[in-house]
Every structure is written in C-alpha cells, then in structure tokens.
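Engineer: No sequence on hand, only this structure:
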C-alpha cells in the first residue's frame, strides 16, 4: 500500500496521506458539537436564556431553539 502511495504524483500523495487526519479531526469536531448540544439541553432545562446558552456553547440561537422544541 505505501509503495502505491509513493508512486502517486506529489499533490495526490499529500491528499491521501492527510485523509486519516481529516477523519480524526472531523470525529473530534462531531464529538464537540454533540457535547455542546448536551450542555445546551441541560441549560435549557435550568431555564437559562438562549442568548447565554449560545454564548457558552457556541451553538447558534436557532440550533438552541430547535433543541428546546424537541
């Protein structure tokens, strides 16, 4: 497999070698978003204003309103 990668043009090789990192970073970002939504739900349940929840979680006001409506 590495031999096949080594034979690729430089630009393609760089893209292929970065794929694992991009999937890892995407997974981390998805995990952060999931946790922010969990925190937002707890803050909604405690009656905190949407503006403050948005500031704390970095979620949009619309995302928070959607969570509140569920």
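Structural biologist: Noted; the coordinates are in hand. In this text, all values refer to a predicted model and were calculated from it rather than measured experimentally.

Engineer: Tell me the pLDDT of the residue nearest the centre of the chain.
Structural biologist: The chain has residue 29 as the residue nearest its centroid, 2.7 Å off, counting by Cα atoms, centre = their mean. pLDDT for residue 29: 92.

Engineer: Show me which residues of the regular element (helix or strand) spanning it are buried.
Structural biologist: Using DSSP states H and E, residue 29 falls within helix 10-45. The neighbour-count criterion (16 or more other Cβ atoms under 10 Å) identifies 36-37, 40-41, 43-44 as the buried residues of helix 10-45. (Each C-beta comes from the backbone N, C-alpha and C, glycine too.)

Engineer: Same check on stretch 57-70?
Structural biologist: Taking 16+ other Cβ under 10 Å as the criterion, stretch 57-70 shows 57, 59, 63-64, 67 as buried.

Engineer: pLDDT for those residues - can I get that in TSV?
Structural biologist: What follows is those, written out as TSV (pLDDT from 0 to 100):
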residue	pLDDT
57	96
59	96
63	96
64	96
67	94
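
Engineer: Could you list the low-confidence segments of this protein?
Structural biologist: 1-2 (pLDDT under 70).

Engineer: now do 50
Structural biologist: For the chain, applying pLDDT under 50 flags no range at all.

Engineer: Might one say that residue 60 is in contact with residue 51?
Structural biologist: No: Residue 60 lies out of contact with residue 51 (Cβ atoms under 8 Å); the separation is 11.4 Å.

Engineer: tell me the contacts of residue 53?
Structural biologist: Applying Cβ atoms under 8 Å, 6 or more residues apart in numbering to residue 53 gives the contacts 40, 43-44, 59, 64.

Engineer: go with 10 Å
Structural biologist: 36, 39-44, 46, 59, 61, 63-65, 67-68 (Cβ atoms under 10 Å, 6 or more residues apart in numbering).

Engineer: Could you do residue 12 as well?
Structural biologist: residue 5.
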